[in-house]
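**Q** sequence and predicted model, in that order:
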Amino acid sequence: MNTTVSVLFYIKRSKANADGICPIYTRVTINSKRFEFSCNKFINPSKWSAEGTKAKGNSEEARTINSHLDFLKSKIYDAEKNLVKKDIEITSENFKNKLLGITDRPRLLIPIFQDHNDKVKSLVPKEFAPGTLERYETSLKHTKAFLQWKYSVSDIDIKKIDYAFIMEYEYYLRSVRKCANNTAIKYIKNFSKIIKICLSNGWLDKDPFVNYKCKLREVERDFLTQEEINTIYAKKFVINRLDQVRDIFIFSCFTGLAYIDVKQLVLANISIGIDGNKWIYTHRQKTDTASRIPLLEIPSDIINKYADHPQCVYDKKLLPVTSNQKVNAYLKEIADVCGIKKELTFHIARHTFATTVTLTNGVPIESVSKMLGHKSIRTTQHYAKILDKKVSDDMTALRDKFASQGSKKEQAI
């Protein structure tokens with residue numbers, strides 16, 4: 001931190017009183033920028049040494065003035081040391097505020113949180129999904145409610161946010177809001193992003209999350225068995241909306257694509273892959289990672305079925321996908337009609353692709369991860385479950401291999 005701080009005392013002749021007595025001023029210069037303030041001391045110009053920047057002589061008046069000037073100089077250099085110790089950039093403005101005891105207006109939490117959300121909103125859908133904005137808006141709503149519940153205030157100075165605040169906030173989410181473990185932790189993580197913004201801007205001296213520990217609990221995700229997939233796919237629906245939603249759901253079961261990624265598919269996303277067959281080439285909206293999926297026979301048939309559908313032709317989409325809310329509502333009807341007891345949602349299709357369609361049929365998890373557009377195998381492991389049938393098949397193959405080796409040894413003997 002190469003900062004030059006210099007101090008100069010001088011008399012301001014332009015402010016002399018009727019008797020010619022002048023006020024003594026302090027000039028502090030920081031990297032060629034300066035500010036001035038009165039020393040609250042006065043002197044006759046004849047008694048002032050411009051060269052020594054102090055009162056002349058050894059009179060009581062001179063000693064009093066010079067002692068005060070020495071005190072001011074010491075105070076200035078102490079302020080410099082204090083800023084250096086805190087690793088705060090020394091500027092003319094913040095040095096003046098520190099020296100003169102001018103405190104900044106408190107920075108309040110809610111405007112900072114709202115500003116963050118406004119920026120996220122302006123970047124939807126280019127950088128953020130609508131769901132991301134919705135989660136942050138809900139987090140802000142919970143934060144406001146917590147402040148009223150705990151402190152009976154509508155806002156709080158960010159410098160008052162400490163470890164105890166965070167623990168109380170987590171308790172509020174779990175008890176008053178009745179959030180499950182993972183939901184409460186996700187809201188706390190959203191809140192921690194706002195704290196990181198404050199830290200990055202130098203508005204907070206220390207991180208209140210430094211000693212905070214939390215752990216997401218693994219949630220068992222439902223998926224369909226092969227028999228359940230066959231039941232749904234073979235079912236004849238007289239209601240067109242159910243037939244259409246069933247097809248799109250099955251399409252996802254055999255491609256692993258999330259709802260929003262299926263909805264955004266266009267004909268240009270279908271191309272010939274490295275094996276000479278049709279592949280889906282797309283980017284996941286959630287993570288903007290590439291997802292390349294060989295097109296199996298069933299999803300290919302579904303695409304052909306809707307090639308001339310009015311909605312596909314008009315919107316130039318691959319499939320006629322309705323709203324997510326309607327899709328999930330209709331899937332519950334489909335589950336009832338097909339006698340499936342699981343709570344059917346569109347996201348189950350993605351887990352079904354990872355577990356039943358691919359991994360259970362011998363597709364390596366690295367390939368599954370690539371098709372799902374995951375950045376890490378660990379993420380894929382949350383989707384793909386190793387079933388007992390797969391373990392049995394693998395161990396049967398191993399058992400047969402050992403048996404074959406034993407047979408060859410007997411023949412050799």
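**A** Received, thanks.

**Q** in a strand, that's where residue 77 is, yeah?
**A** No - secondary structure assignment (DSSP: H, G, I helix; E, B strand; the rest coil) places residue 77 in helix, not in a strand.

**Q** for the closest residue to it other than its chain neighbours, what are its contacts?
**A** Among residues not flanking residue 77 along the chain, residue 5 sits closest, at 7.4 Å (C-beta to C-beta, 6 or more residues apart in numbering). Where C-beta positions appear, they are placed from N, C-alpha and C, glycine not excepted. By C-beta atoms under 8 Å, 6 or more residues apart in numbering, residue 5 lies in contact with 28-30, 76-77, 80, 90, 95.

**Q** out of those residues, which are buried?
**A** 28, 30, 76, 80, 90, 95 (16 or more other C-beta atoms under 10 Å).

**Q** Throw the residues you listed into JSON lines and include distance to residue 372, thanks.
**A** Converted to JSON lines, the buried ones among the contacts of residue 5 look like this (distance: C-beta to C-beta, whole Å):
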{"residue": "28", "distance to residue 372": "61"}
{"residue": "30", "distance to residue 372": "56"}
{"residue": "76", "distance to residue 372": "62"}
{"residue": "80", "distance to residue 372": "56"}
{"residue": "90", "distance to residue 372": "51"}
{"residue": "95", "distance to residue 372": "54"}
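
**Q** domain boundaries for this structure, per the record?
**A** As recorded under automatic domain parsing, the domains making up the chain are 5-100, 109-200, 226-392.

**Q** can you give me the helices in the stretch 251-400 of the chain?
**A** Secondary structure of the stretch 251-400 of the chain (DSSP state H, counting those that start in this stretch): helices at 259-263, 297-305, 310-315, 324-338, 346-352, 365-372, 377-383, 388-412.

**Q** deepest of those helices, which one?
**A** helix 346-352 (a mean of 22; mean count of other C-beta atoms under 10 Å).

**Q** roughly how far is that helix from the heart of the chain?
**A** 24 Å (C-alpha atoms, centre = their mean, to the nearest Å).

**Q** state the mean pLDDT of it.
**A** Average pLDDT, helix 346-352: 92.

**Q** so where's this protein shaky on pLDDT?
**A** 1-3, 102-104, 384-390, 406-413 (pLDDT under 70).

**Q** what about the strands in it?
**A** 5-11, 22-30, 33-43, 48-49, 54-55, 270-272, 278-283, 290-294 (DSSP state E).

**Q** distance to residue 259 added to these, as TSV?
**A** Shown next, in TSV, are those (distance: least, C-beta to C-beta, whole Å):
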stretch	distance to residue 259
strand 5-11	60
strand 22-30	57
strand 33-43	57
strand 48-49	81
strand 54-55	78
strand 270-272	19
strand 278-283	13
strand 290-294	14
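
**Q** which of those sits most buried?
**A** The highest mean neighbour count among those, using mean count of other C-beta under 10 Å, belongs to strand 54-55: a mean of 20.

**Q** in the sheet, who's paired with the residue nearest to residue 77?
**A** residue 30 (DSSP bridges).

**Q** my guess is residue 20 contacts residue 45, does it?
**A** Yes - counting by C-beta atoms under 8 Å, residue 20 touches residue 45, with 6.8 Å between them.

**Q** what sits in contact with each of these two?
**A** Common neighbours of residue 20 and residue 45 (C-beta under 8 Å, 6+ apart) do not exist.

**Q** can you list contacts of stretch 203-210?
**A** Stretch 203-210 has contacts (C-beta under 8 Å, 6+ apart) with 86, 107, 158-159, 161-163, 165-166, 192, 195, 198-199.

**Q** one more: stretch 16-26?
**A** By C-beta under 8 Å, 6+ apart, the surrounding residues in contact with stretch 16-26 are 7-13, 15, 36-45, 48, 65, 69, 72, 76.

**Q** also stretch 34-54?
**A** Contact with stretch 34-54 is made by 8-11, 13, 16-17, 20-28, 55-57, 61-62, 65-66, 68-69, 72, 92, 95-96, 100, as judged by C-beta under 8 Å, 6+ apart.

**Q** residue 344: neighbour count?
**A** 23 (other C-beta atoms under 10 Å).

**Q** need the contact list for it.
**A** Residue 344 touches 249, 331-332, 334-335, counting by C-beta under 8 Å, 6+ apart.

**Q** let me have the contacts of residue 5 in a markdown table, extended by distance to residue 359.
**A** Formatted as a markdown table, those follow (distance: C-beta to C-beta, whole Å):
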| residue | distance to residue 359 |
| --- | --- |
| 28 | 69 |
| 29 | 70 |
| 30 | 64 |
| 76 | 69 |
| 77 | 68 |
| 80 | 64 |
| 90 | 59 |
| 95 | 63 |
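
**Q** now, which of those residues sits nearest residue 296?
**A** residue 90 (65.1 Å; C-beta to C-beta).

**Q** the closest one touches residue 80, doesn't it?
**A** Yes - if you go by C-beta under 8 Å, residue 90 and residue 80 touch, sitting 6.6 Å apart.

**Q** related to what we said a few turns ago, out of the strands of the chain, nearest to residue 311?
**A** Of the strands of the chain, nearest to residue 311 by C-beta to C-beta is strand 270-272, at 17.7 Å.

**Q** check the offset of that closest one from the chain's centre.
**A** With C-alpha atoms, centre = their mean as the basis, strand 270-272 stands 34 Å off its chain's centre.

**Q** residue ranges of the helices in the stretch 51-200 of the chain, please?
**A** Assignment of helices within the stretch 51-200 of the chain using DSSP H, counting those that start in this stretch yields the ranges 60-85, 92-100, 109-122, 130-151, 163-175, 181-200.

**Q** of all the ones you listed, which lies closest to residue 241?
**A** Once those are compared by C-beta to C-beta, helix 130-151 is nearest, at 23.6 Å.

**Q** helices or strands next to the closest one in the packing?
**A** In terms of contacts (3 or more C-beta pairs under 8 Å, 6 or more residues apart in numbering; DSSP states H and E), helix 130-151 is packed against helix 109-122, helix 163-175, helix 181-200.
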